[in-house]
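> Quick one: sequence plus predicted model below, questions after.
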Amino acid sequence: MRFAFPFRSHAGRSLRAVAALLLLAPLSVAPSRAQTGQADQHAALSSGAATRSDAARPDVGKPAAMAVDAASPQQPGIASQALDKVKQVARSAGDIYHRVPCHQPTGVPNTTGSLPHVAAKLAAGKPVVIIAFGSSSTQGYGSSAPEFTYPSRLAAQLRRQYPSADITVLNRGKGGEDAPEMMKRLQTEVIDMHPDMVIWQVGTNAVLRNLDPSETAKQVEDGVARIQADGADLVLVDPQYSPRVTERPESARGMVKLLGRIAALRHVGIFPRFEVMRDWHERQAIPINDFVIDDGLHMNDWGYACFAQLLGDDIIRSVGAIKIGVNVPADVRTYRPM
C-alpha cells in the first residue's frame, strides 16, 4: 500500500517556528498575503510534508515585512498578543487532524437517506458497528498513514461527536476489486458481522476494467438486498471524479446513473462522490492534484478527510433528527443540498 505526504511529525516544529516569528514581528504588520483562498486552504493536506507544516504557519519562509523597533512606544502588550496568536495557531494545527477546510458543495443533491438504524442507536448511546466495504479507496491507497483513510477519519469524527458511545468502524476495503470479488466476501466480512450500517464503495474498478454494466447491476442489487435483509442501514458510494475515471466519460456517467437507480429502487442511500469531487474542481476551483495523488486515480489525505467529513456530517444530522423526534422511515430517501 502506498503512503504519501506525511505531515504529523512537523507539527511541533511548525508551532515553535510560528512562536518565534510572531514574537519577532510587529503585530501591526499585515501578512504578506491573505489566507482566505480555497487553494491555500486545501493545500494544507495535499502537497507534501512541507506544505502540511506550513498550514500551521502561513508565512513561514517569508521575511518579516519590517524589523521590530525595540524603542517604539507602540510595543507594550506585544508579548501577550503574540502568545494569543501562537495559541490560535496551535488550535489550528490541532484541528488539521480533526476537521479540514472542506466546503460543502452547493447544488449537489445529498441522498444518503435517513439512516434510522444507526442514528437511533447513536442517539440512545448503544454500541454501533459500521463497516466500510469497497476497494482501494476504502482501503486507503494514497493516504499518508492508516489513520488518514476515510474509515479512520469517519470513526474519529463520530467518536468526537459522541464521546461516550462505543463506535466501531471496520475497514473492509481491498484494492483492485469490484462487485464480482466483493460479492465473494460479502457474507463473511460484512453480513456475518451484523453491522448497524454499511458504506459500500463500488463501481470504479468496473469502469476501469470495462466490466459488463448489467452484470454489475445484478451483483450490486443482490448485495444490497442481502445487506438490507440483515437489518443494516446502507449507503452506496459511486466512483471518484479523477482523471483515470473521467477519461472514460460514458462508462463513468453510466456507472453513476446505474448506482443511483439501484439506490432509488432499493430505497437505500447513496453518497454522490463523483459529483462532490467534480464540485471541488469545477465550482470550488481546487486543482485536481490537490485532492488526487499522482496516479490520477486515488485520493490523498485531504480528499479522504473531506469525503469522510461530509459523510460523517450526514450521520450526525440523522442522529439529530432522531433526537428531536423526526424519525424518517428507512425507505424514505432525503434530498437536500450539501
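Done, it's in. What you are looking at is a predicted structure, and each value in this text was computed from that prediction instead of being measured.

> Strands of the chain, start to end?
For the chain, applying DSSP state E gives strands covering 109-110, 128-134, 167-173, 197-201, 233-237, 269-271, 336-337.

> so how many other residues sit close to Ser164?
Using other CB atoms under 10 Å, Ser164 has 6 neighbouring residues. Yep, even glycine has a C-beta here, placed from its N, CA and C like the rest.

> any idea what sits nearest it, other than its immediate chain neighbours?
Gly125 (6.3 Å; CB to CB, 6 or more residues apart in numbering).

> Please apply the same query to Arg261.
In space, Arg261 is closest to Ala217, 8.0 Å off (CB to CB, 6+ apart).

> and the nearest residue to Gly260 once chain neighbours are set aside, what is it in contact with?
Spatial nearest neighbour of Gly260, excluding adjacent residues (CB to CB, 6+ apart): Ile270 at 6.0 Å. By CB atoms under 8 Å, 6 or more residues apart in numbering, the contact set of Ile270 is Thr111, Thr112, Val235, Leu236, Val237, Asp238, Leu259, Gly260, Ala263.

> With pLDDT and neighbour count as extra columns, can I get the residues you listed in TSV?
Output for the contacts of Ile270, formatted as TSV (pLDDT from 0 to 100; neighbours: other CB atoms under 10 Å):
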residue	pLDDT	neighbour count
Thr111	67	20
Thr112	74	28
Val235	96	23
Leu236	97	27
Val237	97	27
Asp238	97	24
Leu259	97	27
Gly260	95	17
Ala263	95	24
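
> okay, the residues you listed in TSV with distance to Arg253 next?
Compiled in TSV, the contacts of Ile270 are given as follows (distance: CB to CB, whole Å):
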residue	distance to Arg253
Thr111	17
Thr112	21
Val235	21
Leu236	16
Val237	16
Asp238	10
Leu259	11
Gly260	11
Ala263	16
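
> Looking at the residues you listed, which is nearest Pro287?
Proximity of the contacts of Ile270 to Pro287 (CB to CB) peaks at Asp238, which lies at 22.2 Å.

> contacting residues around the closest one?
Asp238 touches Val202, Gly203, Met255, Val256, Leu259, Gly260, Ile270, Phe271, Pro272, Arg273, Phe274, counting by CB under 8 Å, 6+ apart.

> same question, Thr204
Neighbours of Thr204 in contact, by CB under 8 Å, 6+ apart: Ser135, Ser137, Asp178, Pro239, Gln240, Val245, Met255, Leu297.

> distance of Glu221 from Glu282?
31 Å (CB to CB, to the nearest Å).

> Looking at the two, which is more packed in?
Glu221 (15 against 11).

> Low-confidence bits of the stretch 101-250 of the chain, can you list those?
The model of the stretch 101-250 of the chain has pLDDT under 70 over residues 110-111.

> these two touch, right, Arg248 and Leu211?
No - applying CB atoms under 8 Å as the test, Arg248 and Leu211 come out as separate, 11.8 Å apart.

> The residue nearest to Arg261 and Arg266: what is the separation?
11 Å.

> Burial check on Leu186, number of neighbours?
Neighbour tally, Leu186, other CB under 10 Å: 21.

> Let me see the contact set for it.
Phe133, Gly223, Arg226, Ile227.

> Let me see the contact set for the closest residue in space to the third one that isn't next to it in sequence.
Among residues not flanking Arg226 along the chain, Ile191 sits closest, at 6.1 Å (CB to CB, 6+ apart). Taking CB under 8 Å, 6+ apart as the criterion, Ile191 is in contact with Arg226, Ile227, Asp230.

> per-domain residue ranges of the protein.
As given by automatic domain parsing, the domain ranges for the chain are 8-95, 109-337.

> circling back to that earlier point, by neighbour count, which of the contacts of Leu186 wins?
Phe133 (27 neighbours).

> Would you mind confirming that Val190 makes contact with Val129?
No - applying CB under 8 Å, one finds Val190 not in contact with Val129, separated by 10.5 Å.

> between these two, which one's more packed in?
Set Val190 next to Val129 and count neighbours by other CB under 10 Å: Val190 wins out with 23 against 18.

> which ones are touching the more buried one?
Ile131, Phe133, Arg172, Val198, Ile227.

> same question, Gln161
So, once contact is read as CB under 8 Å, 6+ apart, Gln161 ends up touching Gly312, Ile316.

> Distance check, it against Tyr141.
In terms of CB to CB, Gln161 sits 27 Å off from Tyr141.

> Quick check: which helices or strands does the lengthiest helix in the chain pack against?
Taking DSSP state H as the criterion, the chain has its longest helix at helix 301-323. With contacts defined as 3 or more CB pairs under 8 Å, 6 or more residues apart in numbering; DSSP states H and E, helix 301-323 has these neighbours: helix 116-123, helix 150-161, strand 269-271, helix 273-282.

> Among these, which comes closest to Gly320?
helix 116-123 (8.4 Å).

> Residues in contact with the closest one: which ones?
127-128, 130, 158, 162, 165, 167, 196-197, 231-233, 315, 318-319, 321-323, 327-330.

> Could you identify the buried members of the residues you listed?
Buried members of the contacts of helix 116-123, counted by 16 or more other CB atoms under 10 Å: 128, 130, 158, 162, 165, 167, 196-197, 232-233, 315, 318-319, 321-322, 328, 330.
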